[in-house]
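>>> dropping a prediction and its sequence here:
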Amino acid sequence: MRYDEFLARVRERGEYTDQDQAATITEAVLGVLAQRITPGEVDDLASQLPGALGEMLTGAKQQQPEIFGIDEFHRRVAERVGGRPRTAERDAGAVLTTVADTVSGGELNQLVSQLPSSYAVLFGKPDLAG
């Protein structure tokens, strides 16, 4: 999938006004996700995302993943975009379901396995919850 196609899907799912808003939300969600998963998983995920998104994700990785739950994930996304945690829940779902559509099944399974089961619903895959 190309970068503009990825953003178009996020825009549609999140009902955003334009591609710029979709890009801002996407970068916020992926940036927080990069804080939560291992550096190796960041690299694996980045390799399957469209160019600019993969580069942004790689640039956001940390040496050690932080441990935080889904509520904190939403809070951090909201903080990055100047929104509210409730809105960030929709934002995260719009981006992460698009990620789920973009990456291979094996990569998605590896990614979700690093997260608490409550995150699986954000990817549109509640059946992956442990």
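Alright, I've got the coordinates.

>>> quick one: the helices in this protein?
3-14, 19-36, 39-46, 51-60, 70-81, 85-102, 105-113 (DSSP state H).

>>> now do the fourth one: which elements does it pack against?
Which is helix 51-60. helix 3-14, helix 19-36, helix 39-46 (3 or more C-beta pairs under 8 Å, 6 or more residues apart in numbering; DSSP states H and E). Placement of C-beta: from N, CA and C, glycine included.

>>> quick one, the first one and helix 19-36 angle?
Right, the one you point to is helix 3-14. For helix 3-14 against helix 19-36, the angle by axes from the mean of the first three to the mean of the last three C-alpha atoms, to 10 degrees is 90 degrees.

>>> could you check helix 3-14 and say which residues are buried?
Of the residues in helix 3-14, Y3, F6, L7, R9, V10, R11, R13, G14 count as buried by neighbour count, 16 or more other C-beta atoms under 10 Å.

>>> can I get these in JSON lines with distance to L30 and pLDDT?
Formatted as JSON lines, these follow (distance: C-beta to C-beta, whole Å; pLDDT from 0 to 100):
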{"residue": "Y3", "distance to L30": "12", "pLDDT": "94"}
{"residue": "F6", "distance to L30": "11", "pLDDT": "97"}
{"residue": "L7", "distance to L30": "12", "pLDDT": "97"}
{"residue": "R9", "distance to L30": "14", "pLDDT": "97"}
{"residue": "V10", "distance to L30": "11", "pLDDT": "97"}
{"residue": "R11", "distance to L30": "15", "pLDDT": "97"}
{"residue": "R13", "distance to L30": "15", "pLDDT": "96"}
{"residue": "G14", "distance to L30": "14", "pLDDT": "96"}
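
>>> point out where this structure drops to low pLDDT.
128-130 (pLDDT under 70).
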